[in-house]
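Trainee: Turn this into a structure:
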Amino acid sequence: MDSHDSPDIPAAARGWSLRWVELITAALVLAFALLLVWDSLRLGTGWADDGPQSGYFPLRIGLGLALCSAWLLMQQLRSWSATTQRFVEAGPLRDVAAVFLPTVAYVALIPWLGIYVPSALLIAWFMRRQGGYGWTRVLPVSAGVALLAFVLFERWFVQPLPKGPLEHWLGF
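Mentor: Residues are numbered from 1 along each chain as shown. Here you go, the predicted model:
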C-alpha cells in the first residue's frame, strides 16, 4: 500500500477521484449537447430549397455528443466500486499548470497588448522557465519570432492581427 493509499490521509489530500472527474465531465458534455440540440431545433433542422437549414448539422453533432456522454455516464454509474483511482498526481498537475497558466495569461493579455507583445512574452517565459535558456538567447528569439509573425501577417498576408499600445506608438 502506498503512502497516498493510506486510510489515515483524508480523501481531499489524496486528490480527485477519477470516477468523479469522469461523471462531471460526461454530465457537462451532456448538458452542452442538449443545449446544442435545443438551439438547433430553434434554428430549423430540415432541408430548405437552397440546402440544409442552419440547425441541420449541429443537431446531428449534438445528438451524437448526447448519446456518447449518456453512454459514458451510464457506464461509469454501472461500474461504481469502492476502490478509487486518482485523476492526477501533484507532480503531473504542476507540469500541466506550468503550461496552462501562462497560456491563460497570454490569451488574457491579447485584448490589451495586442498579439505580438504577449507572444514575445510567452515565448520568453517558456524558454526561460521550461527550457532554461539564458537571456542572450531568450530575448532575440522571442522578439524575432514576434517580429517575423508581424511581417508575415501584416505585410505579406495583409491580414491585420490585434495590436496594442506598442504597435500604435510605433505607427502601425
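Trainee: how about residue 59, what does it touch?
Mentor: Neighbour list for residue 59: 36, 37, 40, 41, 45 [criterion: C-beta atoms under 8 Å, 6 or more residues apart in numbering]. For glycine as for every other residue, the C-beta is placed from the backbone atoms N, C-alpha and C.
Trainee: out of those, who's nearest residue 143?
Mentor: residue 36 (42.6 Å; C-beta to C-beta).
Trainee: Tell me which helix or strand comes right after the host helix or strand of that closest one.
Mentor: Under the criterion of DSSP states H and E, residue 36 resides in helix 18-43. Reading on from helix 18-43 to the C-terminus, the next helix or strand found by DSSP H and E is strand 47-48.
Trainee: residues in contact with that following strand?
Mentor: Contacts of strand 47-48 (C-beta under 8 Å, 6+ apart): 53, 56.
Trainee: repeat for stretch 61-69
Mentor: By C-beta under 8 Å, 6+ apart, stretch 61-69 touches 26, 27, 29, 30, 32, 33, 34, 35, 36, 37, 40.
Trainee: Likewise for stretch 102-116?
Mentor: 117-119, 121-122, 125-126, 129, 146-147, 149-150, 161-167.
Trainee: which among the residues you listed end up buried?
Mentor: 117-119, 121-122, 125-126, 146, 150, 161, 163-164, 167 (16 or more other C-beta atoms under 10 Å).
Trainee: Give me the residue at the spatial middle of the protein.
Mentor: In the chain, the residue lying closest to the centroid (C-alpha atoms, centre = their mean) is residue 100, at 8.1 Å.
Trainee: helix, strand or coil for that one?
Mentor: helix (DSSP: H, G, I helix; E, B strand; the rest coil).
Trainee: Show me the chain divided up by domain.
Mentor: 3-78, 91-169 (automatic domain parsing).
Trainee: Would you mind checking the average pLDDT for the helix or strand residue 68 falls within?
Mentor: For residue 68, the enclosing helix or strand under DSSP H and E is helix 56-78. Here helix 56-78 scores 94 as its mean pLDDT.
Trainee: Convert the C-alpha atoms of stretch 149-157 to PDB, please.
Mentor: Extracted in PDB, the C-alpha atoms of stretch 149-157 (Å, rounded to 0.1, in the frame of the first residue of the first chain):
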ATOM      1  CA  ALA A 149       4.800  37.000 -37.200                       C
ATOM      2  CA  PHE A 150       4.200  40.700 -37.600                       C
ATOM      3  CA  VAL A 151       5.900  40.800 -41.000                       C
ATOM      4  CA  LEU A 152       4.200  37.600 -42.100                       C
ATOM      5  CA  PHE A 153       0.700  38.600 -41.200                       C
ATOM      6  CA  GLU A 154       0.700  42.400 -41.500                       C
ATOM      7  CA  ARG A 155       2.800  42.800 -44.600                       C
ATOM      8  CA  TRP A 156       2.800  39.500 -46.600                       C
ATOM      9  CA  PHE A 157      -0.700  38.200 -45.900                       C
END
